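Q: how would this look folded up:
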Amino acid sequence: PCRTEQRHSALVSMLLILLLLSLTARQAVSSNVSLDLHLYQDAEEQQLLCNDGSPAGYYFRPAPEDAEDAAKDRWIFYLEGGGWCWNETECFMRILLSGGSWLVSSANWPPTQIFSEG
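A: Purely as a prediction, here's the structure:
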């Protein structure tokens, strides 16, 4: 009978550990934050352009509707860094050396970016 109780106790402990791991994993998944892409309107007129002429933009998420009162004014903005070019030659070199990366064009930016907390 003593061995049976030990096995039962070990099994219960293992189940509790699995349950805690499962809850931790679920919490990690739910801590992802999704931001939507916003491209500038009238980008050409306002000179808010990427090197290839596509409109510049940013990712944004307002505070969730169900946020606690203290968090209702917490929004998330994400601006992709990448430097700046100051004249035509510098901009041309940036395009040439970047290989058409996301730094010179918004054409291939995904409509949503997912970021994880931590």
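
Q: just for this structure, where's the confidence low?
A: For the chain, the stretches flagged by pLDDT under 70 are 1-30, 81-83, 99-100, 102, 117-118.

Q: list of residues touching stretch 104-113?
A: 34-37, 39, 50-52, 54-57, 59, 78, 94-95, 98, 102 (CB atoms under 8 Å, 6 or more residues apart in numbering). The way it works is simple: take the backbone N, C-alpha and C, and place the C-beta from them, glycine included.

Q: from those, which land in helices?
A: Residues of these located in helices (DSSP state H): 94-95, 98.

Q: quick one: which of the residues you listed is nearest Glu68?
A: Closest to Glu68 out of the ones in helices among the contacts of stretch 104-113 is Ser98 (42.3 Å), distances taken as CB to CB.

Q: show me what the longest strand belonging to the chain is packed against.
A: The longest strand of the chain (DSSP state E) is strand 32-39. Contacts defined by 3 or more CB pairs under 8 Å, 6 or more residues apart in numbering; DSSP states H and E place strand 32-39 against strand 57-61, strand 76-78, strand 112-116.

Q: winner for burial among those?
A: Highest mean neighbour count among the helices and strands packed on strand 32-39 (mean count of other CB atoms under 10 Å): strand 57-61, with a mean of 17.

Q: show me which of the contacts of stretch 104-113 are buried.
A: 35, 50-51, 54-55, 57, 59, 94-95 (16 or more other CB atoms under 10 Å).

Q: in CSV: those, plus distance to Ala70.
A: Converted to CSV, the buried ones among the contacts of stretch 104-113 look like this (distance: CB to CB, whole Å):
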residue, distance to Ala70
Leu35, 21
Cys50, 37
Asn51, 41
Ser54, 38
Pro55, 35
Gly57, 29
Tyr59, 23
Arg94, 42
Ile95, 45
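
Q: for the residues you listed, which one is nearest Asp69?
A: Closest to Asp69, out of all of these and judged by CB to CB, is Leu35, at 22.6 Å.
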